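>>> Below are the sequence and a predicted model; questions follow.
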Amino acid sequence: METGTNKIVLVGFMGTGKSTVSRLLADELGWLRIDTDDEIVEREGRPIAAIFAEAGEESFRRIESEVIESVMNAPGPAVVATGGGAPLAERNRQAMLARGYVVALKADASHIIARVQADPARPLLAGDAENRVPLLLEQRRSVYDFAHSIIDTTSMTAEEVAAAIMEGWK
Ligand code: S3P
C-alpha cells in the first residue's frame, strides 16, 4: 500500500456489485464501510431519485464531488463504494487516486441489466434498463480505466471478487 493510502475505493457501472463487495471487504478488514450514495442521501435528506428530479443531475454531481472529497480526506481507513457516475469528473478521479487503492468492477451488459432491473431507484435508467444500460455503457466505455485494478465480475461470486481485491491490494 502506498504511503497515505488508507482507502479501498470501488468504482464501476451500476449493478456491478460495488455495494455487496464493499460490505465483504469492510467485514474482512474490520474497516468502516462508506457508500457515497448513502452519504448523499443522508446529507440531502431525500432519495437519489428525488435529487435528480427536483434539483437535476448537475446538482447531484456537485454534491457527489463534495462528498467524495470529504470521504477521501477523512482520516481513518475505509472501504468506499461509489456511485456509477462518480469517475466521470476528473476532480473525483484525482481525489480517489490520491488516497485510495481504486478498483473498477466490470460486468457484461446482460448481467448488469438483470441486476438493476429489480431496482427502480436508479434515475438514469428511467425504468428502461434494457435500452439504457447498453447506451450508458457505451458512453462510459473508458471512464473506469483510471483504476489501479480492473476486475470483470461477470462470472464471479461477490466473495471471489472480494478475495481478488484483497490479493491485489496486499
Ligand atoms: C449513477 C449511479 C448510482 C447513483 C446515481 C447515478 C450513475 O449509483 O449514484 O443514480 O451515474 O451511474 P450506483 O452505481 O450505486 O447504482
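Structure's in. What do you need? Residues are numbered from 1 along each chain as shown.

>>> How about the helix or strand of the chain with the lowest mean pLDDT and the ligand, touching?
Sorting the helices and strands of the chain by mean pLDDT, DSSP states H and E puts helix 109-117 at the bottom, at a mean of 93. No - applying Cβ under 6 Å from any ligand atom, one finds helix 109-117 out of contact with the ligand, separated by at least 7.2 Å. Bear in mind the C-beta positions are built from the backbone N, C-alpha and C, glycine included.

>>> List of residues touching that helix?
13-17, 107, 122, 125, 129-130, 133-134, 137, 153-154 (Cβ atoms under 8 Å, 6 or more residues apart in numbering).

>>> Name the next helix or strand downstream of it, please.
For helix 109-117, the succeeding helix or strand toward the C-terminus, using DSSP states H and E, is helix 129-139.

>>> tell me the average confidence for the next helix or strand after that following helix?
Where DSSP H and E defines the elements, the next helix or strand beyond helix 129-139 is strand 149-152. Strand 149-152 shows a mean pLDDT of 97.

>>> next one: stretch 65-81
Mean pLDDT, stretch 65-81: 97.

>>> end to end, how far does it reach?
One end of stretch 65-81 sits 14 Å from the other (Cα to Cα, to the nearest Å).

>>> hmm, who's touching that stretch?
Outside stretch 65-81, the residues that touch it by Cβ under 8 Å, 6+ apart are 6-10, 18-19, 21-22, 25-26, 29, 31-37, 39-40, 43, 82, 86, 89, 91-92, 95-96, 98-100.

>>> Strands - which of those land there?
Taking DSSP state E as the definition of strands, the contacts of stretch 65-81 contribute K7, I8, V9, L10, L32, R33, I34, D35, G100.

>>> Apart from its chain neighbours, what residue comes closest to V103?
S149 (4.9 Å; Cβ to Cβ, 6 or more residues apart in numbering).

>>> gap between the one you found and V67?
23 Å (Cβ to Cβ, to the nearest Å).

>>> low-confidence ranges in this protein?
1-4 (pLDDT under 70).

>>> Tell me where the longest helix sits in it.
Secondary structure of the chain per DSSP state H: the longest helix is helix 57-73.

>>> That one close to the ligand?
No - using Cβ under 6 Å from any ligand atom, helix 57-73 stays clear of the ligand, coming no nearer than 6.8 Å.
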